[in-house]
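Participant: need a structure here:
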Amino acid sequence: MIAMNSIPLQAARLLDSGAVEQAVKLVSGAAQRGDPDALNQLALWHVYGQPLRRDFAMARLLFSRAGDAGHKPAAITHAVFVALGAGADPDWPAALSLLEAAARRDAKAARQLDLLMAMDINADGRPISLPQRDRRSTDPGIDVRQSLFSAEECQHVIALASPLLAPSIVVDSRTGRSTPNPVRTSCDAVLGPIQQDLVVHALNIRIAAATGTALDRGEPLVVLRYEPGQQYRIHHDCLAGESNQRDTTAIIYLNSDYEGGKTVFPTLDIAIKGGTGDALSFANTLPDGRADARSRHAGESVTAGSKWICTRWIRRTRFDPWGLRTPSPLIKS
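Facilitator: Down below sits the predicted model:
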């Protein structure tokens, strides 16, 4: 997490006190003078829709200006926005060019570029080839692809998520309140559009290709860490009352130096402990869209070491990732 200068801190205090107009005036004035932190803050406000209206095109422009003014994370976020098509049409070659420019003055961007250059992808960021599919069940479909992610890519995802980890929670659909999760005793981090980078975007493209699904159907990547004694008890990934259901789940095992922690499907008598970078994907629904009870599964208790995975839930139709739980709009991670 980067340190904020006095302008965003003052704005945060003003917003906390209810002085919204003063906060916006303060940050807008600093942005007009070219302050990179203020430009980045305005961009974030336009992304989250508070205290300014949501405007992805404006946010994209402000991230660009903040990056040009020396705000390194904003330069990376600008590249992500271009790749995602936030505020304009998606353009992978242009996003890659932006990252190349950022890499000349930012070691973090340079490491991301190195990972992208090592990927077997085409000019649009799509994988040229995929590991062979190992079908563990036909009905419901359960597949494993070994080494879908490289060890270096796995470490990158872990490093990106580690500062954002928080105890897993559930949100009550009736009250909107968040509470600790009695089913999933772990820590997690959501790598949404602001938290991700071009490497994660390319990995999401790869997951879509491996599962035969459209990229825009996927939720943001969720990274989970399980310590000894922690587990994910038997559950189903479908969401009660949700019309755009989680049709498919993809799990990538980010490490293998732990004991226990197998992914088990009790009804099907299937247990899987993936190696580093291996991907497990399975269908959650029946052809008519109803939840398939046979897809109920659990992450067994870890007995030694730390288990790291990332999960991408894939909806039946296009999913808007911008409305999910996110960090405070006053903090750029």
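
Participant: quick one, domains of the chain?
Facilitator: Taking automatic domain parsing as the domain assignment, the ranges for the chain are 6-117, 133-323.

Participant: how about CSV for the ones you listed, with mean neighbour count, distance to Arg126 and mean pLDDT added?
Facilitator: C-beta: built from backbone N, CA, C; applies to glycine. Output for the domains of the chain, formatted as CSV (neighbours: other C-beta atoms under 10 Å; distance: least, C-beta to C-beta, whole Å; pLDDT from 0 to 100):
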stretch, mean neighbour count, distance to Arg126, mean pLDDT
domain 6-117, 19, 8, 97
domain 133-323, 18, 6, 94
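
Participant: Which parts of this structure are helices?
Facilitator: Here the chain has its helices, by DSSP state H, at 6-16, 20-32, 36-48, 56-68, 72-84, 92-103, 107-117, 151-161, 198-211.

Participant: I'd like to know which of those is closest to Gly260.
Facilitator: For Gly260, the closest of these is helix 151-161, at 18.9 Å, according to C-beta to C-beta.

Participant: Tell me what angle the closest one forms with helix 198-211.
Facilitator: 120 degrees (axes from the mean of the first three to the mean of the last three C-alpha atoms, to 10 degrees).

Participant: can you list the residues that contact helix 151-161?
Facilitator: With contacts defined as C-beta atoms under 8 Å, 6 or more residues apart in numbering, helix 151-161 is touched by 111-112, 115, 118, 149, 189, 191, 195-197, 199-200, 203, 221, 223, 252, 254-255, 276-277, 308, 310.

Participant: circling back: looking at the domains of the chain, which is nearest to Pro127?
Facilitator: Judged by C-beta to C-beta, the one of the domains of the chain that comes nearest to Pro127 is domain 133-323, at 5.0 Å.

Participant: Serialize the helices of the chain to a markdown table and add fields for distance to Pro140.
Facilitator: Converted to a markdown table, those look like this (distance: least, C-beta to C-beta, whole Å):
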| stretch | distance to Pro140 |
| --- | --- |
| helix 6-16 | 47 |
| helix 20-32 | 50 |
| helix 36-48 | 37 |
| helix 56-68 | 37 |
| helix 72-84 | 31 |
| helix 92-103 | 33 |
| helix 107-117 | 33 |
| helix 151-161 | 27 |
| helix 198-211 | 13 |
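
Participant: who wins for proximity to Glu227 among those helices?
Facilitator: Judging these by C-beta to C-beta, what sits closest to Glu227 is helix 151-161, at 14.0 Å.
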